[in-house]
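> Here is a sequence with its predicted model. Questions after.
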Protein chains: 2
Amino acid sequence: MSLSTRQAALLAKQASRRLATLSLEQRNAAIHAAADSVDQSRKQLLAANAQDLAQADGMLASGEISQATYERLRLTDKKIDEMTRSMRTVADLPDPLGRTLQKTELDTGLVLEKVTCPLGLLAVIFEARPDAVTQISALALKSGNSVILKPGAEVRETSSALMNSLESLPDVPAGAIGLLHDRKAVRELLELNDLVDLVIPRGSKQLIGFVQANTKIPVLGHAEGICHVYVDAAADVAMALNIVDDAKTDYPAACNAAETVLVHEAIAEQFLPKLAERLHAKSVTLRGCEKTRTILGGDKVETIAEDNWHHEYSDLVLAARVVGSLDEAIHHIHEHGSSHTETIVTENAAAAEEFLARVDAAGVFHNASTRFADGFRYGFGAEVGISTSKLHARGPVGLEGLTTYKYVLRGSGQVVRDYHGPNARQFTHKRLSND
Amino acid sequence: MSLSTRQAALLAKQASRRLATLSLEQRNAAIHAAADSVDQSRKQLLAANAQDLAQADGMLASGEISQATYERLRLTDKKIDEMTRSMRTVADLPDPLGRTLQKTELDTGLVLEKVTCPLGLLAVIFEARPDAVTQISALALKSGNSVILKPGAEVRETSSALMNSLESLPDVPAGAIGLLHDRKAVRELLELNDLVDLVIPRGSKQLIGFVQANTKIPVLGHAEGICHVYVDAAADVAMALNIVDDAKTDYPAACNAAETVLVHEAIAEQFLPKLAERLHAKSVTLRGCEKTRTILGGDKVETIAEDNWHHEYSDLVLAARVVGSLDEAIHHIHEHGSSHTETIVTENAAAAEEFLARVDAAGVFHNASTRFADGFRYGFGAEVGISTSKLHARGPVGLEGLTTYKYVLRGSGQVVRDYHGPNARQFTHKRLSND
């Protein structure tokens, strides 16, 4: 507990070397032991959480934290049940390590394999979410990575109590799961690009933006989700209404909720009044371009400033724009979107395929709600985060986002000298598998 | 030519959107047209190169550049032949785009595909290598990426002449291949992390280190290759001699050449004198630990400072250390290596597997020379670079290193609301393919 940030990271990195060699059975047993220990520490956890809540009461009264944040940091027996259940779910997932991605015979007795392995050391910086401790610890153990956690001050006591319950797990080397409290630790962690392989920020847009702006370590996450629904000239109107409604109102605070609907001018007069009626019934505020306002009337839709299309409302507000063509819709998306998830509603297969091919985003959908962009809905079992970066992992990221690969070459004495020059041996380059 | 760095990058990024939609045939035709054009511009290329060489003559005389650099920047008819041949080879490679990496039915009529697509905009910063212009342009065209090239001042005229020959290629949008000359352009390019998706530095360790230290854009490359050969207690001595010899002397300047040999103490007295004899005959200087010096005698081996094990000689110099165990060898590699390529020589299968599993490096080899770590030898057809980063691409990187993927979801009106709540539809999550 009195370790410096760098010392904790060094210890965790050393531990990661041993963690990487544990068998699947050992890693799963450690996860189950961790869940058991959390389960058996309920009293201590709830007591520690009561201390955090006492602090939070004051912050809630003074408006420093929101009611939603207060609810998030509050632990209950039911939440502890959910936490342990979700840990055990991770144990049930297939092994992300040791998968052969590619196998090639380079020559007789010289075989190359590309095999998945852990990244090494993860750093997780989060705010008022005690369940981040258990979820990330389980994901890290499963993927053979060490992890350093830096919780927000709001959950300081709860996080410490959770860590106590994770302290001695069978076969897990000391220091493999580390906790830092010091406020300075965030900046210090972000500077350890020689030790930390991946940072995962969990929390507000502000937190994620701060992390992205202040580190050279690769960041898994996304600061913004500005998703669009494009209602094409050839859209099925009932389907389009249903999809826009879902994309906006199912969970407006989610990153995969839609912020803007783009409507082809050929269908705008038919579609927009129906959309306004449906969304107004659900208390959604519309903000529209001039054409939208002309069609709906100024009382049904607020104006939107031209520089305000790149905006994540995370609320029951939807921007609306009439566009002249598919081309204009795609241009708007590239200009104002955040490359998260974009959907087209149309019965025109050619328009759909053009949209799917041309739009540059982590998710491109046809006739489906943007809300499907999610690791569980995609069938990944666990979601580590959603990435809008193009490198390493893009879109919803499952356990494989916590792995890398190495090339394993098994030979029988081969040297490169024999493969060049006048009597050079030839490589066979026989693909033995390509998973 | 009078564009600012940002303007050039914006234009290139726009061009990349259209480039991404070209068919394989169009991209290959553009590469062949580029090769034809280079072929037909010989006179202009050699004339421009003569201007660069005139400058270089003075720099060579004053010692500003080495003879090796001078040779690299010099163009000949034979080099132009090689350049165009290597471009056409890229056209012959399989398409890296539009590959389905995974296909899952989420529900009836709702199918998710993970499909490869271009990264967008590459930036390539290189020194005295005119062939970088043609090679990278061909790789970028093949992978549907735009590229901005920033050549070293030594090849300014040659690069401009090469760019002229690549200016109007069939179906390739204007600005897709951009060239920057201004000395300030390097720093400016490195700041464009909102536009540039990947930077590829080609040149000296100093250049690569500078790029890595000064950008938030992901960098494809490696500053150092400090590779080890570990000669285990159970090594076949003749094989070990052959492998160490190859790893050190086949091409000492290569990043995959060995810098250090680690010898198990049980075999050291037998192995080291033979190694010294063999390597001395090839003018290799040995630098050793105290035990090595005791075995070989002080006249056969120089001393090495304890803080000098992390050193890339890139020359006919080899460090040697006697270790007490496999464990100590692995520890030395993690402490002093650069995670590039590490090899064990042993007849003991268990020791080999332990080494392959535990060593954290892009390449881990058994009974084979470190020199095999190379995109062509691995069978990738083209090598974009060798990466020691763990994210995105690790080890030798082929064309796929210039791609990312997106999730394409094809539905028939599905909304998420139907998949939660009391009468929730269930996802099928049926794996349709896993390439």
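Nice, I can see it.
> List the buried residues of whichever strand or helix holds A:Thr292.
Using DSSP states H and E, the element containing A:Thr292 is helix A:290-296. By neighbour count on 16 or more other Cβ atoms under 10 Å in any protein chain shown, the buried set for helix A:290-296 is A:291-293, A:295-296. In this view, the C-beta of every residue, glycine as well, is placed from N, C-alpha and C.
> Contacts for it, please.
A:263, A:265, A:268-269, A:272-273, A:276, A:286, A:288, A:301, A:303, A:320-322 (Cβ atoms under 8 Å, 6 or more residues apart in numbering or on different chains).
> Now intersect the residues you listed with the helices, please.
Secondary structure from DSSP state H places A:265, A:268-269, A:272-273, A:276 of the contacts of helix A:290-296 in helices.
> now that we have those, which one has the most neighbours?
A:Leu272 (25 neighbours; other Cβ atoms under 10 Å in any protein chain shown).
> What's the separation between that residue and A:Leu286?
9 Å (Cβ to Cβ, to the nearest Å).
> where do the contact lists of these two overlap?
A:292, A:296, A:320.
> Tell me the one among the residues you listed nearest to chain B.
A:Ala320 (18.8 Å; Cβ to the nearest Cβ).
> Show me the beta-bridge partners of the closest one.
Beta bridges link A:Ala320 to A:Val261, A:Gly288 when assigned by DSSP bridges.
> Spit out the contact partners of it.
For A:Ala320, counting by Cβ under 8 Å, 6+ apart, the contacting residues are A:260-261, A:263, A:272, A:275, A:286-289, A:292, A:301.
> try it again with 6 Å
A:261, A:286, A:288, A:292 (Cβ atoms under 6 Å, 6 or more residues apart in numbering or on different chains).
> Over to A:Leu409?
By Cβ under 6 Å, 6+ apart, the neighbours of A:Leu409 are A:112, B:365, B:368.
> if we go to 10 Å?
A:104, A:106, A:110-113, B:341, B:343, B:356, B:363-370, B:372-373, B:377-378 (Cβ atoms under 10 Å, 6 or more residues apart in numbering or on different chains).
> is it fair to say it lies in a strand?
Yes - applying DSSP: H, G, I helix; E, B strand; the rest coil, one finds A:Leu409 inside a strand.
> And for the nearest residue to it once chain neighbours are set aside, the neighbour number?
Nearest residue to A:Leu409, sequence neighbours excluded (Cβ to Cβ, 6 or more residues apart in numbering or on different chains): B:Phe365, at 4.3 Å. With neighbours defined by other Cβ under 10 Å, the count for B:Phe365 comes to 32.
> I figured B:Phe365 hits B:Thr346, correct?
No - using Cβ atoms under 10 Å, B:Phe365 makes no contact with B:Thr346, being 11.4 Å away.
> Now do the shared contacts for the two.
With Cβ under 10 Å, 6+ apart, B:Phe365 and B:Thr346 have common neighbours B:352, B:355.
> which ones are touching the residue nearest the centre of chain A?
Nearest to the geometric centre of chain A sits A:Gly385, at 1.5 Å (Cα atoms, centre = their mean). The neighbours of A:Gly385, taking Cβ under 10 Å, 6+ apart as the test, are A:124, A:198, A:200-202, A:208, A:219-222, A:375, A:393, A:396-398, A:401-402.
> picking up where we left off before, go back to the ones in helices among the contacts of helix A:290-296 and keep what's next to chain B.
By Cβ under 10 Å from any Cβ of the partner chain, no member of the ones in helices among the contacts of helix A:290-296 lies near chain B.
> how about a markdown table for those residues, with pLDDT added?
Shown next, in a markdown table, are the ones in helices among the contacts of helix A:290-296 (pLDDT from 0 to 100):
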| residue | pLDDT |
| --- | --- |
| A:Glu265 | 98 |
| A:Ala268 | 98 |
| A:Glu269 | 98 |
| A:Leu272 | 98 |
| A:Pro273 | 98 |
| A:Ala276 | 98 |
